[in-house]
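okay, predicted coordinates and the sequence, questions at the end:
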Amino acid sequence: MTLHALVPLAALVLLPGLLVGAALGLRGWLLAGAAPVVTFGIVGIAAPLVPALGLTWSALTLAGTAAVLAAGGLGARLALAGRLPNDPPAAEERRHWGLDRHAAVVVGVGIAGGVGAYTGWNATRGLTAVPQWWDAFWHMNAIRFIADTGNPSPEALRALNEPQGPFFYPDGWHALLAALCRLTGVSPIAAIDGSMVAVVGAFALGTATLVRVCGGRAALAAASALLSCAVTAFPYDIIGWGPLFPFVIGLAMVPGLLALLAALLRTRSGNRVGLPVALAVGALGGLAIHPSVVVAAFVFGVALLVQQSRHGRWSDLGALAVAAVVAVVLGFPFVRATLAATDGAAVDWPATEPPSDAIGAMITFGHAQTYPQYWIAVLCLVGLLRRRALRPMLWYVVAGGVFAGLFVLAASYEGSLVAALTRPWWNDRWRFAALWGMAAVVLAGAGLVGITDALAGLVRRVRATRHATAVASVLAAAVVVAGSKGLYQARNQERMTNAYPGEVSVSAQEQRVFGYLAGLVPPGQTVMNDPFDGSAAMWALAGVRPLFPSPTIEPQELVTMEPDRKLLWTSFRSIGSDPAVRAAADRLGIRYAVVGDDGFIAGGEHVRGMRDLAGVPGLELVHTDQDVRVYRITG
């Protein structure tokens with residue numbers, strides 16, 4: 001994926017949301033900041049409907065869905081104009097910003113987006129690196145499946161692993177990137193890498209918008225945006241942990257979604273035609289990317305409502321009820337299937353850190369790091385001591401503190417209560433650290449504003465000038481950027497690189513073998529493989545479908561695995577001696593198997609069915625490339 005392909009990616013993320021948002025009456029920063037999450041909402045509405053209507057998923061389908069929703073939203077606003085006042089332009093802009101303040105915020109967003117893009121570009125080695133850890137294989141193959149079939153239905157992704165019983169996997173992010181692949185011809189790998197390059201810019205834009213909508217100062221919006229690229233916990237840590245690609249994208253959408261909520265709560269009761277619909281579509285967007293993102297947004301939203309209740313606005317609950325109804329109506333297939341798929345095996349990571357270490361990690365932003373992020377910690381302390389700039393966003397920081405507390409529980413304590421509280425986020429301390437990191441960006445931004453205000457007062461005393469605030473802002477920001485070595489760019493790049501560990505499981509010779517298989521195996525035929533040796537990537541890289549397209553956790557997933565697949569997982573090496581194994585391979589249409597011995601995602605040996613294949617009756621070695629071998633089933 002070359003740089004010029006990032007332009008279509010930006011267009012796919014922004015333009016549908018801008019079109020629908022403008023039709024619903026959004027303006028200014030709110031329109032721009034909420035556009036990405038509204039776009040994902042459009043994808044969430046379209047994904048279950050496209051196959052039902054006999055259509056093929058593409059960028060054109062996405063654009064058509066956006067046009068239909070925009071026409072419907074505009075028509076509804078015009079029809080209700082005589083009964084209810086329309087949303088006023090830029091209804092979120094309670095505090096006047098001059099052109100210079102808007103420019104300062106744009107600069108903050110631009111610097112953060114640029115640093116994030118530079119970090120991602122280097123970590124992905126120019127958007128060419130193959131992510132080689134656990135969930136990455138599922139994600140890259142899901143994108144390939146949607147791009148190849150044109151079917152974005154979340155239920156259709158059961159084809160990747162054919163589980164028994166109901167199946168539903170939210171695929172808003174996968175579907176959007178599949179549309180990019182179909183539009184530009186780039187690979188799923190490049191599409192994933194490109195989205196990781198752009199995520200910081202989207203987060204910075206959403207954060208600045210949220211501060212704007214909540215009535216915060218331009219200085220706070222600019223400072224928060226600037227620091228959006230600095231905190232390691234989000235997004236860099238969770239890009240490498242998992243890697244949790246959809247969760248990363250979903251969290252980046254949360255500020256934009258909360259901005260829609262805050263705008264709805266800050267708008268007079270009569271001016272609520274487009275905002276509830278926009279909020280509903282945005283909520284569907286979060287749900288389409290990752291359901292736990294919506295749960296996290298709910299926690300933040302409750303904190304906002306509590307702070308808002310001090311002004312006697314409990315009537316806002318009626319507007320929220322309208323938004324909820326609209327969300328269910330617009331995304332009924334998606335909402336229904338998501339609720340039906342909520343039951344599943346609970347994940348409980350062991351508690352391994354003393355409480356003192358866990359608390360220290362949250363305070364100093366040093367989770368799993370050799371050194372804390374001292375500059376961020378100091379700025380947060382200043383933000384707490386000088387709370388004036390923070391006041392409009394206090395609810396956001398408090399909610400972030402809730403997630404910091406859940407981090408401590410997940411890292412240091414066991415028990416049924418801890419498991420219940422942390423289950424929506426898979427009891428995963430890395431996710432809680434990321435959620436706290438999101439909120440800490442605004443707290444640190446308030447600290448930077450506090451330092452700027454104090455410095456501006458000093459400048460005025462030394463020399464009277466009306467540019468004291470501007471001078472102080474530039475000076476304070478420069479000191480923070482320099483002291484943190486470019487907003488921790490090198491540190492964050494190193495952490496992000498954890499998702500792209502060179503040739504750990506997908507080696508150069510394996511990629512050559514994938515190309516060989518593409519010319520050997522007929523289209524649509526499945527190849528037997530061990531997903532732990534990196535062969536799951538053959539689908540995304542070469543279009544050859546593996547039987548196991550992602551690593552499998554045996555204790556949990558073998559229980560629900562389709563019987564033929566399960567038999568091959570455990571007994572494939574008996575293909576020449578066990579008629580049941582041979583029959584299972586025949587039913588699955590398998591004629592070839594591939595195995596590589598150098599580099600595993602986990603452990604140091606193959607799954608049971610793929611061990612010691614050399615000389616096994618019923619298998620003929622047809623190709624070798626160093627330690628990678630291709631076998632044909634004979635007889």
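Good, I have the coordinates.

ranges for the strands of this protein?
526-528, 545-546, 592-596, 619-625, 628-633 (DSSP state E).

show me what the second one is packed up against.
Under the contact criterion of 3 or more CB pairs under 8 Å, 6 or more residues apart in numbering; DSSP states H and E, the helices and strands touching strand 545-546 comprise strand 526-528, helix 538-542. Every C-beta, even on glycine, is put in place using the N, C-alpha and C of the backbone.

make TSV out of these and add mean neighbour count, mean pLDDT and distance to residue 501.
As requested, the helices and strands packed on strand 545-546 are exported to TSV (neighbours: other CB atoms under 10 Å; pLDDT from 0 to 100; distance: least, CB to CB, whole Å):
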stretch	mean neighbour count	mean pLDDT	distance to residue 501
strand 526-528	24	93	24
helix 538-542	25	92	16
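
which of those sits closest to residue 511?
Closest of those to residue 511 is helix 538-542, at 6.1 Å (criterion: CB to CB).

how about residues contacting that closest one?
130, 137, 140-141, 143-145, 187-189, 506, 511, 514-515, 517-518, 527, 529, 544-546, 549, 594 (CB atoms under 8 Å, 6 or more residues apart in numbering).

go with 7 Å
140-141, 144, 187-189, 511, 514-515, 517-518, 527, 544-546, 549 (CB atoms under 7 Å, 6 or more residues apart in numbering).

keeping just the C-alphas, turn that helix into CSV.
The C-alpha coordinates for helix 538-542 follow below in CSV (Å, rounded to 0.1, in the frame of the first residue of the first chain):
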residue,chain,number,x,y,z
MET,A,538,-1.8,-17.7,3.0
TRP,A,539,-5.4,-16.5,2.5
ALA,A,540,-4.7,-12.8,3.0
LEU,A,541,-1.4,-12.9,1.2
ALA,A,542,-2.0,-15.2,-1.7
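
out of the helices and strands packed on strand 545-546, which gets nearest to residue 238?
Per CB to CB, nearest to residue 238 of the helices and strands packed on strand 545-546: helix 538-542, 21.0 Å.

lowest average confidence, helix or strand, in this structure?
Lowest on mean pLDDT, DSSP states H and E among the helices and strands of the chain sits helix 332-340, with a mean of 67.

give me the pLDDT value at the closest residue to residue 564 other than its chain neighbours.
Using CB to CB, 6 or more residues apart in numbering and skipping the chain neighbours, the partner closest in space to residue 564 is residue 584 (3.9 Å). For residue 584, the model assigns a pLDDT of 92.

contacting residues for the nearest residue to residue 551 once chain neighbours are set aside?
Nearest residue to residue 551 in three dimensions, chain neighbours excluded: residue 531, at 4.9 Å (CB to CB, 6+ apart). For residue 531, the contact set (CB under 7 Å, 6+ apart) comprises 137, 548, 550, 551, 552.

state the distance from residue 531 to residue 600.
Distance of residue 531 to residue 600, computed by CB to CB, to the nearest Å: 10 Å.

please apply the same query to residue 76.
Residue 76 is 55 Å from residue 600, by CB to CB.

give me the more crowded residue out of the two.
Neighbour tally, residue 76 and residue 600, criterion other CB atoms under 10 Å: the higher count belongs to residue 600, 18 against 15.

what pLDDT is listed against the spatially closest residue to that one that is not a sequence neighbour?
In this structure, residue 600 finds its nearest non-sequential neighbour in residue 532, 5.0 Å apart by CB to CB, 6+ apart. pLDDT for residue 532: 87.

equivalent analysis for residue 136, please.
With respect to pLDDT, residue 136 has a value of 89.

need the contact list for the residue nearest to it when sequence neighbours are not counted.
The shortest distance from residue 136 to any non-neighbouring residue, by CB to CB, 6+ apart, is to residue 243 (5.3 Å). Under the criterion of CB under 7 Å, 6+ apart, the neighbours of residue 243 are 131, 133, 135, 136, 499.

and the closest residue to the third one other than its chain neighbours, how far from residue 398?
Sequence neighbours aside, residue 242 is the residue nearest to residue 135 in space, at 4.8 Å (criterion: CB to CB, 6+ apart). If you measure residue 242 against residue 398 using CB to CB, the figure is 27 Å.

these two: which is more packed in?
Set residue 242 next to residue 398 and count neighbours by other CB under 10 Å: residue 242 wins out with 23 against 15.

returning to what we had before: could you verify my assumption that the residue nearest to residue 135 touches residue 138?
No: counting by CB atoms under 7 Å, residue 242 stays clear of residue 138, with 10.2 Å between them.

ranges for the helices of the stretch 201-350 of the chain?
Using DSSP state H, counting those that start in this stretch, the helices found in the stretch 201-350 of the chain span residues 218-227, 238-240, 245-266, 275-289, 291-309, 316-330, 332-340.

could you dump those helices into JSON lines and include mean neighbour count and distance to residue 565?
Compiled in JSON lines, those are given as follows (neighbours: other CB atoms under 10 Å; distance: least, CB to CB, whole Å):
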{"stretch": "helix 218-227", "mean neighbour count": "29", "distance to residue 565": "47"}
{"stretch": "helix 238-240", "mean neighbour count": "24", "distance to residue 565": "30"}
{"stretch": "helix 245-266", "mean neighbour count": "27", "distance to residue 565": "24"}
{"stretch": "helix 275-289", "mean neighbour count": "29", "distance to residue 565": "28"}
{"stretch": "helix 291-309", "mean neighbour count": "19", "distance to residue 565": "26"}
{"stretch": "helix 316-330", "mean neighbour count": "16", "distance to residue 565": "36"}
{"stretch": "helix 332-340", "mean neighbour count": "16", "distance to residue 565": "23"}
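
quick one: closest of those to residue 374.
Using CB to CB, those put helix 218-227 closest to residue 374, at 13.8 Å.

between the closest one and helix 245-266, how big is the angle?
170 degrees (axes from the mean of the first three to the mean of the last three CA atoms, to 10 degrees).

helices and strands around helix 218-227, which ones?
Applying 3 or more CB pairs under 7 Å, 6 or more residues apart in numbering; DSSP states H and E, one finds that helix 218-227 contacts helix 99-123, helix 188-213, helix 429-462.

switch the cut-off to 8 Å
Partner elements for helix 218-227 (3+ CB pairs under 8 Å, 6+ apart): helix 99-123, helix 188-213, helix 429-462, helix 468-483.

so which of those helices is nearest residue 153?
Among the helices and strands packed on helix 218-227, helix 188-213 sits nearest to residue 153 (CB to CB), with 17.8 Å.

rewinding a little: closest one to residue 151 among the helices and strands packed on strand 545-546?
helix 538-542 (15.3 Å).

neighbours around the residue nearest to residue 407 when sequence neighbours are not counted, how many?
Excluding its sequence neighbours, the residue lying closest to residue 407 (CB to CB, 6+ apart) is residue 432, at 3.7 Å. Using other CB under 10 Å, residue 432 has 28 other residues around it.

please apply the same query to the one 3 residues further on.
The number of residues packed around residue 435, counting by other CB under 10 Å, is 28.

also residue 421?
16.

what about it, distance to residue 427?
9 Å.

also residue 31?
From residue 31 to residue 427 the distance is 37 Å (CB to CB).

equivalent analysis for residue 499, please.
Distance from residue 499 to residue 427, by CB to CB: 21 Å.

neighbour count: those two, which is higher?
Legend: neighbour count by other CB under 10 Å for residue 499 and residue 427, higher for residue 499 (29 against 24).

surely the more buried one is in contact with residue 134?
No: with contact defined as CB atoms under 8 Å, residue 499 does not reach residue 134; the gap is 10.0 Å.
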